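Visitor: Need the 3D shape of this:
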Amino acid sequence: MAFASKKEDESGLSSYYNNKTTVIQEARVFNDTPVSPRKCRALLTRIVYMIYVGETFGTQEATTLFFGTTKLFQNKDSALRQAVYLAIKELATTAEDVIMVTSSIMKDMQANSDVIYRPNAIRALCRIIDPSMAQGVERFFKAAIVDRNPAISTAALVSAYHLFPFAKDVVKRWVNEAQEAVNAKSSSSFFGSSSSGGGGYLGFGAGSNQPSGPQAIQSSSYIAQYHALGLLYLIRQQDRMAVTKMIQQLGGGKSGAGTTLKNPIALCMLIRYAAKVIEEDPNVQRQMIELLEGWLRHKSDMVNYEAARAICELKAFLQLFLSSPKPVLKFAATRTLAALALNHPQAVATCNVDLEGLIADSNRSVATYAITTLLKTGNEASVDRLIKQITGFMAEISDEFKVIIVDAVRSLCLKFPSKHSSMLTFLSGVLRDEGGYDFKRAVVEAMFDMIKYIGDSKEQALSHLCEFIEDCEFTKLSVRILHLLGLEGPKSPQPAKYIRFIYNRVVLENATVRAAAVTSLAKFGVNSAEVGLKRSISVLLRRCLDDVDDEVRDRAALYLKVFKEKPLADAYVKEESVFSLAALEAKLVAYVKDPSASSEPLDVSSVPKISRAQAAQEAARPSSLDTIGAPIAKSTSPAPQAPTAAEKQSAYAQQLAEVPEFAPYGTILNSTATPAQLTESETEYQVTCVKHIFKEHIVFQFNVSNTIPDTVLEQVSVIMTPQDEEIGLTEDFIIPFPSLTSASSPGIVYVSFTRENPTQYTIGSFGCTLKFISKELDPTTQEPEEEGYEDEYQVEDVELSAGGDYIIPSYATFGSEWDRMRSGPSATETFLLGAMESLKAACDSIVEVLNMEPLGGSEIPTSDSVHTLQLSGLATGGGGKVLARCRMTYSRGTGVTIELGVRAEKQEVCDLVVAAIA
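Guide: This is a model prediction of the structure:
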């Protein structure tokens, strides 16, 4: 048999051979007289292949091919008839009028039919028939399910499985037949049948001494039991008691020997059902565990492992496999134990002796999982011994496994801080070994964590990192280490000892590392109390003024200037906050899109800041320890990350930009981060509100949902009535939603107001009424009736307040900023909060009302009687920075007394904060 060469394939011969147009033209072969089975089989194979690789046929093309293949029903060639059914099954989803061939297919499904393509006919019929016809073919499927031929039985069971979502009531009546298929004690082979008929297989080999039917050959797979069990569970899954009874009946008792299930895959499926029942119903946990323990002694390794994996979530039961001579079993057991050790290290500790024996295993994957499990389950006394064993092992494994081991060592070090010295020695040793970027980064980050969480390790870890950057080939790692040296080095007892390592980078490295080294030197100069050290660093920085790279020169010049003026040093070197990148991006996008903004410089004072710790937390990478575990039975997809406040702002800005009425309003200053719920979640009409603050306008966005399926709401609008007529807002217009059904919900209604005094922060309350015309939907045409009636629906009031509408949280260094704003606008008031039962409740309430950033952990009181809450934020519309200091005391009789001090860049902002608390 000749195969196409690579050159022929590249030249397009193969693509022409499997071209859709070519195949459709060649479909004329179906009409030849006489029919050539070989040519037809080849063409059908190409059609099915093209569908499998993603080629799509149009409706007309698929219909033509479909009815072309049906002309081959009269042919007696069994292999051709199998190919016909395979093609019909694939084309049925696209072709039209496929139901016309139902009667032809059902002829081949008859119980007295001995043809080899009867299973193919059953599978094709499942795709052809309409769900409403399922009852008409019920007797055929029932007979096929209990057929002694496993191919026929399996085809019927799988077809029933696919029919179930569309014809539940009909398929549920087949439960007795499915039960009989599960309990079948013997079955014939694919070709066997006990009924009488023609000769041997495909009619060959018949003789006078042979029985009249094809010979029955005993099957040893019992695969029909697997499919029957799946169908039984699908039918009974809503009835927990029925599922439990099914598991107990098929389980075979405590030993598992009495089970009627002979197929290992079916038993594995039954084990998974049992594990699910254990999770959902604790009352039957004991009986299910007894069954699982019985299956541990099954003759099939597959069943043994599946039972052990299910039990492993409750206790360590895989010790048996650790001494197995089969590498697959050892790997599966160690991987599952490594996953279990993440959450239940004590349960795995009993296997430590066996795991230590696997450290020297010839399969390095098994050895790696054994080591990582030991590192997570070991005690303090075994740390030194484990580290010694790992040291000689590291050179023999790949970087991927090295990363896993380094992460395990990091976890162990944080668990036993007193052992940091030996672990740092190990990490510094592997840092000198050959390895790629991911491996070296894992080691460096392990040292970073030790510096952060174990104070005693700081000096030793910094020394090791200094030695590493002397010969580090990765620029990113050098920059990160230099940054860390700049943060931690000035706090050490002898900061001068790190200067040599840092300045060597200025002399020997590339421009990126040199620039990072200059910044690190500047931090030593600003943060060190030694006058001599500052003088020496100034000399080193002056040398950098002659660097060939402009970035290095500019940094050196900047820091030399900063050294002479303390306010500049506080702002550019000591500053603990950074801009929120998402908020800064949204601000830049709005600035670029606004044509009128180009005449003025970008105002970054309105961009909120976050602490460096918050920025690091956002950029933190997940540990490899979270990814090495074996998949467990209860797998849940991770919830999608909630959008940040800046991402919501950007989405709202894009949404409003599409409304032409708001085009003259300019840039949005702020939008509500969380929509306000104006109705209960169970009501027939659900309404939420988002407020958008512009420079001269305020837009209220009402998201309205209609939960009544047979009703349409037309001309949906919201009537807003201010509680105070002197609120300072004038209504412009309402943009109603034209037609709202349950399918099109939610719809958006906009109400626009003009701010009479844009410099004033308007606060107040609005009564809101949902107004609409209600019409019934015609149940047949789904069209609304011509006549309806006007209706109103009262919703909760909407509040314009300081927090969330005019003030957004922003990080700041409270002490220095509070002192800097001493001479600016300020306000001080005293309040009594008699309803507050604790200082913690008062802190939570104030943070919620003002929507400001609590600083230095002050949102959590350390005393029950006296506390100071420090808050920072930004006022929209150029209001600038605002700080609040709440000194509070608590006594059981009177509640919480607060002295609120506010400092801001504008007096209106101070008054706004005080009014919000009042």
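Visitor: these two touch, right, residue 260 and residue 180?
Guide: No. Using CB atoms under 8 Å, residue 260 is not in contact with residue 180; the gap is 10.9 Å. In this view, the C-beta of every residue, glycine as well, is placed from N, C-alpha and C.
Visitor: which residue packs closest to residue 231, ignoring adjacent ones?
Guide: residue 178 (4.8 Å; CB to CB, 6 or more residues apart in numbering).
Visitor: Just the element for that neighbour, please.
Guide: Using DSSP states H and E, residue 178 falls within helix 175-182.
Visitor: Check what contacts that helix and list those residues.
Guide: With CB atoms under 8 Å, 6 or more residues apart in numbering as the test, helix 175-182 has contacts from 142, 145-146, 153, 157, 160, 224-225, 227-229, 231-232, 235-236, 250, 260-261, 266.
Visitor: Give the PyMOL command for selecting the buried subset of these.
Guide: Per 16 or more other CB atoms under 10 Å, the buried members of the contacts of helix 175-182 correspond to this PyMOL selection:
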select buried, resi 142+145+146+153+157+160+224+225+227+228+229+231+232+235+236+250+261+266
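Visitor: and residue 794, helix, strand or coil?
Guide: strand (DSSP: H, G, I helix; E, B strand; the rest coil).
Visitor: Can you report how many residues neighbour it?
Guide: Residue 794 has 11 neighbouring residues, counting by other CB atoms under 10 Å.
Visitor: ok, now how distant is it from residue 238?
Guide: 40 Å (CB to CB, to the nearest Å).
Visitor: now residue 808
Guide: 48 Å.
Visitor: These two: which is more packed in?
Guide: residue 808 (25 against 8).
Visitor: Tell me the buried residues in the helix or strand that contains residue 286?
Guide: Assigned by DSSP H and E, residue 286 falls within helix 285-295. For helix 285-295, the neighbour count (16+ other CB under 10 Å) marks 287-289, 291-295 as buried.
Visitor: From those, which one has the minimum pLDDT?
Guide: The member of the buried residues of helix 285-295 with the lowest pLDDT is residue 289, at 76.
Visitor: close enough to count as contact, that one and residue 310?
Guide: No. Counting by CB under 8 Å, residue 289 sits too far from residue 310 to count as a contact (9.2 Å).
Visitor: Now do the shared contacts for the two.
Guide: residue 278.
Visitor: May I ask which helix or strand encompasses residue 459?
Guide: Using DSSP H and E, the element containing residue 459 is helix 458-469.
Visitor: Just give me how far that helix sits from the chain centre.
Guide: Centroid separation for helix 458-469 versus its chain: 37 Å, with CA atoms, centre = their mean, to the nearest Å.
Visitor: who's in contact with it?
Guide: 420-421, 424, 427-428, 431-432, 444, 447, 450-451, 477-478, 481-482, 484-485, 488-489, 492-493, 498, 501, 505.
Visitor: Show me what counts as buried in that helix.
Guide: Here helix 458-469 shows 458, 460-462, 464-466, 468-469 as buried, counting by 16+ other CB under 10 Å.
Visitor: if we can go back for a sec, pull out the buried members of the contacts of helix 458-469.
Guide: By 16+ other CB under 10 Å, the contacts of helix 458-469 give 420, 424, 427-428, 431, 444, 447, 450-451, 477-478, 481-482, 484-485, 488-489, 498, 501, 505 as buried.
Visitor: tell me which residues in stretch 449-458 are buried?
Guide: Neighbour count says stretch 449-458 has 449-451, 454, 457-458 buried, by 16+ other CB under 10 Å.
Visitor: One more: stretch 497-513?
Guide: 498-499, 501-503, 505-506, 509, 513.
Visitor: which of the residues you listed lies closest to residue 49?
Guide: residue 513 (55.5 Å; CB to CB).
Visitor: my read: the closest one touches residue 478, true?
Guide: Yes. At 4.8 Å, residue 513 and residue 478 qualify as touching, with contact defined as CB under 8 Å.
Visitor: shared neighbours, those two?
Guide: With CB under 8 Å, 6+ apart, residue 513 and residue 478 have common neighbours residue 505.
Visitor: ok, and what's touching the strand or helix carrying residue 656?
Guide: In this structure, residue 656 sits in helix 645-657 according to DSSP H and E. Applying CB under 8 Å, 6+ apart, the external contacts of helix 645-657 come out as 580, 582-583, 585-586, 589-590, 593, 643, 662-663, 667-668, 670-671, 673, 690, 692, 699, 701, 808.
Visitor: ok now the next helix-or-strand element following it, how far from the chain's centre?
Guide: Next helix or strand after helix 645-657 toward the C-terminus (DSSP H and E): strand 670-671. Distance, stretch centre to chain centre, for strand 670-671: 28 Å (CA atoms, centre = their mean).
Visitor: what's in contact with strand 670-671?
Guide: Against strand 670-671 from outside (CB under 8 Å, 6+ apart): 648-649, 652-653, 690-693, 805-806, 808, 876.
Visitor: and it, which strands flank it?
Guide: Paired strands of strand 670-671, with direction, are strand 685-693 (antiparallel) (DSSP bridges).
Visitor: and the partner strand, which residues are buried?
Guide: Applying 16+ other CB under 10 Å to strand 685-693 flags 685-693 as buried.
Visitor: what is the rounded mean pLDDT of stretch 427-435?
Guide: So the average pLDDT for stretch 427-435 ends up being 82.
Visitor: same question, stretch 716-725
Guide: 85.
Visitor: what's the neighbour count on residue 57?
Guide: Count around residue 57 with other CB under 10 Å applied: 21.
Visitor: Which element, helix or strand, includes it?
Guide: Judged by DSSP H and E, residue 57 forms part of no helix or strand.
Visitor: ok, now which ones touch it?
Guide: Residue 57 makes contact with 20, 51, 65, 91, 94, according to CB under 8 Å, 6+ apart.
Visitor: again, only this time at 7 Å
Guide: 20, 65, 94 (CB atoms under 7 Å, 6 or more residues apart in numbering).
Visitor: Around the first one, count how many other residues there are.
Guide: Burial measure for residue 20: 15 neighbouring residues, criterion other CB under 10 Å.
Visitor: Can you give me the separation between it and residue 32?
Guide: 21 Å.
Visitor: Ok, residue 603 next?
Guide: 80 Å.
Visitor: Could you do residue 527 as well?
Guide: Distance from residue 527 to residue 32, by CB to CB: 91 Å.
Visitor: Give me the contact list for the one helix or strand residue 277 maps to.
Guide: Mapping residue 277 onto the secondary structure by DSSP H and E places it in helix 264-280. By CB under 7 Å, 6+ apart, the residues outside helix 264-280 that reach it are 225-226, 229-230, 233, 240, 243-244, 247, 250, 261, 284-285, 288, 291-292, 295, 298, 300, 302-303, 306-307, 310, 633-634.
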